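A.B. asks: Fold the following and give me the result.
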Amino acid sequence: MEKEIFRLDPLEGEIPYPGEEEISKWLRALVRREIPISFAPGRSVIKPSDPLVVGQTYDFEFIYYPEEVELKEGCEIKFSIPRTWTQPKLKEGEPGYVKASTSSGAKTEIYLTQNENLTWWVNVRIVEGLVPPDGFVKIEYRNVTIQRFPQKEWVNWRNSLRVILDFEGRRNYREFKVVKSEKQIKPVIISSPPARFLVACHPVVKPGEKLLLKFSTLDMYNNPAYPPPEGRIFVAEVTDPYKPIAMKYLKREENGRGRIELKAPEEERIWRISLSNIKTTLTGFAPPIVVTSKKERFNVYFGDTHAKTGLTDGLGTPEEYFTYARDHALLDFAAIADHNGEEASYIEGPFYTEMPDEAFEKIKEACEKFNEPGKFVTLHGFEQNLIEGYPGHRNIYFRGIPDKIFRGKTLEELYAYLEGKEALVIPHHTIIWGTRPHLDNPKYERVLEIYSQHCSSEIKGSPINNPQTLKNKAETGMSAQEILAKGYRVGFIASSDNHHGAPGVHAYPSRFTNLTYHGGLAAVIAPELTREAIFDALYDRRCYATTGVRIYLDFRINGELMGSELKVEKGEKIILEVFALGTSPIAKVEVLKNNRVISVFPNGVSDQIEFTLEDKVNQNSFYYIRLTQVDRNMAWSSPIWVDIK
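C.D. replies: Next up is the predicted model:
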C-alpha cells in the first residue's frame, strides 16, 4: 500500500465545480483577435462596494439592470467572483450561499461553475417569465470572506468582476456580451489596521559599526497597514527587552515606515533585536545579525525577482511595484517579471499575444529610476511563457539594460536574442504543468527558482504543494532533484511570483488560487549592493532560496562557497561547513549528497547551528543543505559539486 503523502492545502474544503469551457474559449478568442468584444446594454452594481477591508466578511448583492432590453426565457446572466472570495454555494446557511431573484418575479435557476484558478461564476438562467428593461436581476451572496490583499482596479482581462449576458442562452461563447466597465460599480478594497512591524537590516556587521534598521508596518495579512500607526517606538535587544537602545516618534505621515540608526555591540556575537511601540500593540523582530570582524562571514542581500504589475496580470504600476519592494517589503533588490504574453491584455482591450513595446519601456524606465547602488538595486527582466517544444515558464534577467523585449517562439530564436547580452534564463515551478526546462546552455541557464507562491519544486511529494485540490498542480514536470540527477549544475533561488503587485512580503493566496502559499526570497552572497554584483552572484550560483524569511545560511566545502565546483582525488576526504541562523528556532538542517540525506543536525531545536562534517568522495558528487524551522519556513542552499580529478 502506497504511503499517503502529507500536504499543506490552503484550499482544503473547496467543492469541485464544472469548468466554464465557453468562458475559456471566449477569453482565448478575444486575446487572439478571432472575435471582437461585444458589449451588453445596461449596468451592474455590487453592494456594498466602497471601501471594503481585506479578509473581512460581508453580505453582498450583485445586481444587473438591463435598461434597454427585455430579458426573455432562456437568457443567462453570468456574474463573476474572484476565486479568492468564499466559494459560492447553493445550500442555505453555508458561507457563500447564493440565491437569485428578479424585479418582475420571473423564475430563475442558478448553476455554479469555475474558470480554472481565476474566477467563480454564478450563472442565473431565466426559466419562466421575463424581466423588463426597467427591471433587474439580483443575486444575494451571503457570509462572504473576501480576498486578503488590497485592490483598487479591476482591469485585467482574466479576473475582473465581470457581468456577461448570454441573451439566447445557447452557451456559445461567440454570442457572449459583457457589461462595459464604465457601467459597473465595483468595490475598492483596502488594508486592515496595524498588526506587527516588519524589520530588516544587513545580516553581517563589524563590532561597533553603525547600521540602519529599516521597518514597515503590516496588517494581519502582510499588507501595508491602514491606518498607519503613530507614537513612540523603541529598539531593544531580545535579551533585555525593557532596556531601549534607540527610540523614535513615528508620525502618521510616515505611513508606518522608517529607518533607525544603531551601533553594533563592541564584542563579536549574534545580535538579536526587536522593535516595539510604547503602546505594546506592535512588535517585530529583526533577522539575526552576525557581529564579527572575520572576513569569512559574508554579507547576504535579500530580494524578489519574480512578481507582476498591472501591465500584465498583476496590480499597480511599475513605480508602485518598486516602491512597495523598497519601502514596504524592505528588500535589497527586486525585478519585475511581467509576462511577455497574452496576460498583457486588458478587460476591454487592447488585447495582446505579446507584451507591447511601450509596456516594456515603462518597466525599463521604472527599473532605472529606482536603481540606487548601495541602497536598493533593480534588475531588468521579463517572463517568457512560450518556447516551442519546452513547456513551462522561464524568466530572463540582464546584467545591463536590454534594448528590446524578445520576439520569437523557439529556443534558437531566444539564444539569438540573448547573443551578446549578459543574461540569465531561470525556469520556475518546474515540478508542475508538464514543465520541461531547457538547461543545456550553461552560458545562460545556471539557476533554478525552487520555490514560489505556486509550490516547492525541490522534490516530488513535497508537503508544499496541493494537487489534491488543484488538479493543475499535479507533479507532471521535473523536480530540482531530478534536474540535478541529470547532471545539470544549477543554483537555487526562490521568489514570489506574486500577482497583485506585492513583491517580497504579501497576503496569500494571491489573485489566482494556484498562488496559495507565501512567496519566497532570493538570498544572494555579494561583496556589495549593486546591479552588477547581484547579477554576478546569481551567475556564480552564490545564492540560496528561502520560503520568504531572512534565514542566514553559510554552506562551504573545503572553504569554497555554495555554487562552487571542486576537484579532489578519488577517496579524498572533504570538509563540509554549515553555519545557520534562523528567524525562528531551527528544527533541523539536512545535508544531502546526490539527493540523499546523509546527516541531520541538530538533536534538538536551536536558533543557531554550526557544524562541520567529513565525507569521503569516491565519485563525482553534489551536496546541498535543506533547513527547516519549527514555523515550517525553509531554506535551500545552492549545491556544491565535487568532481574526481
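A.B. asks: I'd assumed E532 was in a strand, is it?
C.D. replies: No: checked against DSSP: H, G, I helix; E, B strand; the rest coil, E532 lies outside a strand; its state is helix.
A.B. asks: State which strand of the chain is the longest.
C.D. replies: As assigned by DSSP state E, the longest strand anywhere in the chain is strand 572-593.
A.B. asks: in the stretch 101-250 of the chain, which ranges drop under the pLDDT threshold?
C.D. replies: For the stretch 101-250 of the chain, no stretch has pLDDT under 70.
A.B. asks: still on that earlier bit, how about the following helix or strand past the longest strand of the chain as CSV, C-alpha atoms only?
C.D. replies: Of the helices and strands lying after strand 572-593 in sequence (DSSP states H and E), the nearest is strand 596-601. Extracted in CSV, the C-alpha atoms of strand 596-601 (Å, rounded to 0.1, in the frame of the first residue of the first chain):
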residue,chain,number,x,y,z
ARG,A,596,20.2,11.5,-0.4
VAL,A,597,20.2,12.8,3.2
ILE,A,598,23.5,11.8,4.8
SER,A,599,23.3,13.7,8.0
VAL,A,600,20.8,15.7,10.1
PHE,A,601,21.5,18.3,12.7
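A.B. asks: helices or strands up against strand 596-601?
C.D. replies: Under the contact criterion of 3 or more Cβ pairs under 8 Å, 6 or more residues apart in numbering; DSSP states H and E, strand 596-601 touches strand 572-593, strand 606-617. Every residue, glycine included, has its C-beta placed from N, CA and C.
A.B. asks: List the residues that contact E267.
C.D. replies: Listed by Cβ atoms under 8 Å, 6 or more residues apart in numbering, the contact set of E267 reads 207, 291.
A.B. asks: Read off the pLDDT value for it.
C.D. replies: pLDDT, the model's per-residue confidence, is 96 for E267.
A.B. asks: now the angle between strand 596-601 and the longest strand of the chain, please.
C.D. replies: 90 degrees (axes from the mean of the first three to the mean of the last three Cα atoms, to 10 degrees).
A.B. asks: What pairs with strand 572-593, parallel or antiparallel?
C.D. replies: The strands that strand 572-593 pairs with in its sheet are strand 552-557 (antiparallel), strand 596-601 (antiparallel), strand 606-617 (antiparallel), strand 621-629 (antiparallel) (by DSSP bridges).
A.B. asks: The closest residue in space to F370 that isn't next to it in sequence and D615, how far apart?
C.D. replies: Closest residue to F370 apart from its sequence neighbours, by Cβ to Cβ, 6 or more residues apart in numbering: F322 at 4.0 Å. Distance, F322 to D615, using Cβ to Cβ, to the nearest Å: 44 Å.
A.B. asks: more crowded one of these two?
C.D. replies: F322 (24 against 17; other Cβ atoms under 10 Å).
A.B. asks: part of a helix, is the more buried one?
C.D. replies: Yes: counting by three-state DSSP, F322 is part of a helix.
A.B. asks: among the helices and strands packed on strand 596-601, which is the most enclosed?
C.D. replies: Neighbour counts (mean count of other Cβ atoms under 10 Å) averaged over each of those peak at strand 572-593, with a mean of 19.
A.B. asks: now the helices: where do they sit in this protein?
C.D. replies: 21-31, 318-323, 357-370, 411-418, 480-485, 531-539 (DSSP state H).
A.B. asks: who touches A480 in this structure?
C.D. replies: By Cβ under 8 Å, 6+ apart, A480 lies in contact with 430-431, 448, 450, 457-459, 490, 492.
A.B. asks: so which of the helices of the chain comes closest to I574?
C.D. replies: helix 480-485 (18.0 Å; Cβ to Cβ).
A.B. asks: any idea how far that closest one is from the chain center?
C.D. replies: Put simply, helix 480-485 sits 23 Å off its chain's centre (Cα atoms, centre = their mean, to the nearest Å).
A.B. asks: swap in stretch 194-202?
C.D. replies: Counting by Cα atoms, centre = their mean, stretch 194-202 is centred 19 Å from the centre of its parent chain.
A.B. asks: Show me the contact partners of that stretch.
C.D. replies: Counting by Cβ under 8 Å, 6+ apart, 211-220, 225, 228-229, 233, 256, 262, 273-276, 281-287, 289, 299, 302, 328-330, 505, 550 sit against stretch 194-202.
A.B. asks: do the same with stretch 281-288
C.D. replies: Residues from elsewhere that reach stretch 281-288 (Cβ under 8 Å, 6+ apart): 194-201, 203, 213, 215, 217, 229, 233, 238, 270-277, 549-552, 581-583, 607-608.
A.B. asks: Please indicate which of the contacts of A480 are buried?
C.D. replies: Buried members of those, counted by 16 or more other Cβ atoms under 10 Å: 430-431, 448, 450, 457-459, 490, 492.
A.B. asks: State the distance from I260 to G284.
C.D. replies: Using Cβ to Cβ, I260 is found at 12 Å from G284.
A.B. asks: between the two, what contacts are shared?
C.D. replies: With Cβ under 8 Å, 6+ apart as the test, I260 and G284 both reach 215, 275.
A.B. asks: With respect to D166, which of the buried ones among the contacts of A480 is nearest?
C.D. replies: Closest to D166, out of all of these and judged by Cβ to Cβ, is I431, at 38.0 Å.
A.B. asks: so who does that closest one touch?
C.D. replies: Residues near I431 by Cβ under 8 Å, 6+ apart: 455-457, 460, 462, 465, 475, 477-480.
A.B. asks: how about the nearest residue to it, chain neighbours excluded?
C.D. replies: S457 is the one closest to I431 (Cβ to Cβ, 6+ apart), at 4.0 Å.
A.B. asks: Wait, the one you found touches L484, no?
C.D. replies: No: taking contacts as Cβ atoms under 8 Å, S457 lies outside contact range of L484: 11.7 Å.
A.B. asks: for Y301, what are its contacts?
C.D. replies: Shown in contact with Y301 (Cβ under 8 Å, 6+ apart): 332-333, 377, 523-524, 526, 529, 534.
A.B. asks: again, 10 Å this time
C.D. replies: Counting by Cβ atoms under 10 Å, 6 or more residues apart in numbering, Y301 makes contact with 202-203, 331-333, 377, 522-526, 528-529, 533-534, 537, 543.
A.B. asks: Out of those, which end up buried?
C.D. replies: Buried members of the contacts of Y301, scored by 16+ other Cβ under 10 Å, are 202-203, 331-333, 377, 522-526, 529, 533-534, 537, 543.
A.B. asks: Quick check, I81 in contact with K89.
C.D. replies: No: the criterion here is Cβ atoms under 10 Å, and I81 misses it with K89 at 11.7 Å.
A.B. asks: neighbour count winner among the two?
C.D. replies: Counted by other Cβ under 10 Å, I81 and K89 do not tie: I81 has more neighbours, with 27 against 18.
A.B. asks: separation between that one and K308?
C.D. replies: 21 Å.
A.B. asks: what's the answer for Y226, then?
C.D. replies: For Y226, the distance to K308 (Cβ to Cβ) stands at 22 Å.
A.B. asks: of these two, who's got more company?
C.D. replies: Neighbour count, other Cβ under 10 Å: between Y226 and K308, K308 has more, with 28 against 18.
A.B. asks: Could you report the pLDDT at that one?
C.D. replies: Predicted confidence (pLDDT) for K308: 97.
A.B. asks: list the contacts for it?
C.D. replies: Counting by Cβ under 10 Å, 6+ apart, K308 has contacts 156, 314-316, 321, 336-339, 343, 383, 496-503, 510-511.
A.B. asks: 8 Å - rerun?
C.D. replies: For K308, the contact set (Cβ under 8 Å, 6+ apart) comprises 314-315, 336-339, 343, 497-501.
A.B. asks: Then K593?
C.D. replies: Taking Cβ under 8 Å, 6+ apart as the criterion, K593 is in contact with 615, 621-623.
A.B. asks: Kindly indicate the member of those with the most neighbours.
C.D. replies: Compared across those, Y623 has the highest neighbour count, 22 neighbours, by other Cβ under 10 Å.
A.B. asks: Following the record's annotation, map out the domains of the protein.
C.D. replies: Structural domains assigned to the chain are 21-190, 196-296, 301-550, 552-645, following automatic domain parsing.
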